[in-house]
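J.: Whatever this is, show me its structure:
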Amino acid sequence: MNRDPRCIIMAAGDFVPVEIPHGDDDLIIACDAGFRHLELMGILPDLILGDFDSAAADPAMLEQILEIERLDPGRVLRLPVEKDDTDTMRAAREGLARGYRRFFLYGAFGGSRFDHTLANLQTVLFLKRNGARAYMMAHDQMVLAAENERIDFSPGLTGGLSVFSAGERAEGVTICGTRYEMKGGTITNDFPIGVSNELLSNRQATVEVKNGALFIVVRFADGTDH
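T.: Now for the predicted structure:
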């Protein structure tokens, strides 16, 4: 593996095509109909997994997956329809089991199932609590989780920043280098005090939480993936 290999997970939600950097040491997983997003970009995933209920709505795509399974059975992992894990969560577990500790989730927003967007947020937190860094990516925003730690953002990054408690309470929250700052505050899960902050081009933004977990949403000013 290279110094910082990535597990790239493509879910079946909304996806605006963006460049997805990847190399030979990265693991690319398509979750069910997420296969179509990758196929349209000319990317053959290393693994296609799911119960294929979404893929079944597109017979041509399902036939492609079945053909790949016939030619290369190890590239397709069929999951039962009745299961505790979502397809994206199972992909996260697969990446962890193969030793990956840096995850990028695409196609994880929107779609016809808002409940899956929430489930994907929980997957990001699950990965954080299992020793990985995870980023839920879109062309104009990303979400990451922080727990009992400090996150430093690249200097010069502009756009919006929102911070939400990922549990009942997040204590000792410090936000600096932004338009609105907080020092040692408390954020709860029933009041959105951390929404709609702004990143400043001449400052380095940092978010720190002493006790608890946060979801951090970054909205890119230029509308492109980072």
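
J.: in this structure, which residue is closest to the centre?
T.: Central residue of the chain (C-alpha atoms, centre = their mean): M136, 2.1 Å from the mean position.

J.: Give the other helices and strands that the biggest helix by length in the chain contacts.
T.: Under DSSP state H, the helix in the chain containing the largest number of residues is helix 114-129. Applying 3 or more C-beta pairs under 8 Å, 6 or more residues apart in numbering; DSSP states H and E, one finds that helix 114-129 contacts helix 87-97, strand 102-106, strand 133-137, strand 141-152, strand 206-220. C-beta here means a position set from N, CA and C on the backbone, and glycine is covered the same way.

J.: Any idea which of these gets closest to I68?
T.: Nearest to I68 among the helices and strands packed on helix 114-129 is helix 87-97; the distance by C-beta to C-beta comes to 16.5 Å.

J.: Check which helices and strands that closest one is in contact with.
T.: Counting by 3+ C-beta pairs under 8 Å, 6+ apart, helix 87-97 packs on strand 7-10, strand 27-31, strand 47-50, strand 102-106, helix 114-129.

J.: hmm, try it at 6 Å
T.: strand 27-31, helix 114-129 (3 or more C-beta pairs under 6 Å, 6 or more residues apart in numbering; DSSP states H and E).

J.: These: lowest mean pLDDT?
T.: When the helices and strands packed on helix 87-97 are ranked by mean pLDDT, helix 114-129 comes last with a mean of 94.

J.: quick check: angle from it to strand 27-31?
T.: 150 degrees (axes from the mean of the first three to the mean of the last three C-alpha atoms, to 10 degrees).

J.: got the angle between helix 114-129 and strand 206-220?
T.: 140 degrees.

J.: residues of helix 114-129 that come out buried?
T.: 116-117, 119-121, 123-128 (16 or more other C-beta atoms under 10 Å).

J.: tell me the domain boundaries of the chain?
T.: 7-139, 143-220 (automatic domain parsing).

J.: per-residue pLDDT, the residue nearest to the centre of the chain?
T.: The model's pLDDT for M136 equals 97.

J.: Contacts only, for it.
T.: By C-beta atoms under 6 Å, 6 or more residues apart in numbering, the contact set of M136 is 105, 108, 124, 143.

J.: I'd say the first one and M10 touch.
T.: The reference is to L105. No. At 8.1 Å, L105 does not count as touching M10 under the criterion of C-beta atoms under 6 Å.

J.: I'd like to know how many residues surround the spatially closest residue to M136 that is not a sequence neighbour.
T.: Nearest non-adjacent residue to M136, counting by C-beta to C-beta, 6 or more residues apart in numbering: V143, 4.2 Å away. Neighbours of V143 under the rule other C-beta atoms under 10 Å: 22.

J.: Return the per-residue confidence for V143.
T.: Model confidence at V143 (pLDDT) stands at 97.

J.: Just grab the bridge partners of M10 for me.
T.: Beta bridges link M10 to A30, Y106, judged by DSSP bridges.

J.: how much space is there between it and V163?
T.: 27 Å (C-beta to C-beta, to the nearest Å).
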